[in-house]
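Colleague: okay, structure incoming, though there's no sequence with it:
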Ligand SMILES: O=C(O)CCC(=O)C(=O)O
Ligand SMILES: [Fe+2]
């Protein structure tokens, strides 16, 4: 039996055009819609987000060109060689605990490009450093740099509306994101044939560890866990980004918001490509339950943490090479 999951429109679609010059009542309405989605399913999609379709098309085209290169060439920029975890990772590199064979996906990671004399880079803060780029693909670097910059702008704008939905001023998150961890992850999922089990999926079930993620997919494959325990496919809409929150946002909101389990199964018979943009705080940002989410009925559940330390622990639990040789991976 080929893999099948119900397709459901139950994830709300939010038109965010008013964020770019609309009136305040419309922005309030968006803030409420986002808050509702985050309290229930932890996922929503946004349309009229202002990112040009031509840039999204170029991003996918350059991503396909890169993943089509020979494995040896891609491995020359593998992320276990980068002290900052930039570059390529092959099929099987990311492994949820229960998954015997490792995810059936390969990827490429880039973040904000920091020079070697940046104070955090000098101090050895994990994930802070320069990007690495595939040889001989100048259009790839140009396109991904532009896409990353525009996604950073969009996700900051979204966080301002998140703040409003949490009863905080629009600039609430700004001083925690002065030098944010902003990661673009390109993914390629080869087709998976036959029955699919928990031994191997395109991307095993997980919650994201961070704040918010904005995803673009070229064909369906992303599934999220519904309240009744079934998995529902997120319908493909090329004009939309799929937005979800991660564990850090759940923690920050004292569990008012839900970080939902999701996974990817590519049973389409075709290659699938996606691009996930993750916006997270500064390495040194202190994350403590937001006061509007704490009350006599909902006392604060979580002690304050430093984001960078939290992120390091999460990465160690996900990447095999960090589990095997954490010291070498950090200091190489
Ligand atoms: O490729 C996708 O659709 C989702 C990827 C994902 O969930 C992730 O990278 O955290
Ligand atoms: Fe995810």
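Modeller: Alright, I've got the coordinates. All values reported here derive from a predicted model rather than from experimental measurement. Ligands and ions are numbered 1, 2, ... in the order given.

Colleague: tell me how many other residues surround the residue in the stretch 1-150 of the chain positioned nearest to ligand 1.
Modeller: The stretch 1-150 of the chain approaches ligand 1 most closely through residue 105 (7.3 Å), counting by CB to the nearest ligand atom. Bear in mind the C-beta positions are built from the backbone N, C-alpha and C, glycine included. The number of residues packed around residue 105, counting by other CB atoms under 10 Å, is 24.

Colleague: hmm, it is touching residue 186, no?
Modeller: No - using CB atoms under 8 Å, residue 105 makes no contact with residue 186, being 10.4 Å away.

Colleague: next, the buried residues of stretch 34-41.
Modeller: Of the residues in stretch 34-41, those with enough neighbours to count as buried (16 or more other CB atoms under 10 Å) are 34, 35, 37, 38, 40, 41.

Colleague: next one: the residue of the stretch 1-150 of the chain closest to ligand 1 from residue 195, what distance?
Modeller: Between residue 105 and residue 195 the distance, using CB to CB, to the nearest Å, works out to 18 Å.

Colleague: ok, residue 261 - contacts?
Modeller: With CB atoms under 8 Å, 6 or more residues apart in numbering as the criterion, the residues that contact residue 261 are 205, 206, 207, 224, 225.

Colleague: what about those, which are in strands?
Modeller: Assigned to strands by DSSP state E, the following of the contacts of residue 261 qualify: 205, 206, 224, 225.

Colleague: against ligand 1, how distant is the last one?
Modeller: Taking CB to the nearest ligand atom, to the nearest Å as the measure, residue 225 and ligand 1 are separated by 12 Å.

Colleague: what about that residue, neighbour count?
Modeller: In terms of burial, residue 225 registers 17 neighbours under the definition other CB under 10 Å.

Colleague: how about it: what's its closest non-neighbour residue?
Modeller: The spatial neighbour of residue 225 that comes closest, neighbours along the chain excluded (CB to CB, 6 or more residues apart in numbering), is residue 261 at 4.2 Å.

Colleague: so which helix or strand takes in residue 66?
Modeller: If you go by DSSP states H and E, residue 66 is part of helix 53-67.

Colleague: which of the residues in that helix are buried?
Modeller: Within helix 53-67, the residues that qualify as buried are 56, 58, 59, 60, 62, 63, 66, 67, counting by 16+ other CB under 10 Å.

Colleague: for the first one, which non-adjacent residue is spatially closest?
Modeller: Nearest residue to residue 56, sequence neighbours excluded (CB to CB, 6+ apart): residue 216, at 6.0 Å.

Colleague: rewinding a little: among the ones in strands among the contacts of residue 261, which one lies nearest to residue 92?
Modeller: Of all those, residue 92 sits closest to residue 206, with 15.6 Å by CB to CB.

Colleague: the closest one bridge partners, please.
Modeller: Beta-bridge partners for residue 206, by DSSP bridges, are residue 262.

Colleague: what distance do you get for it to residue 53?
Modeller: Distance, residue 206 to residue 53, using CB to CB: 29 Å.
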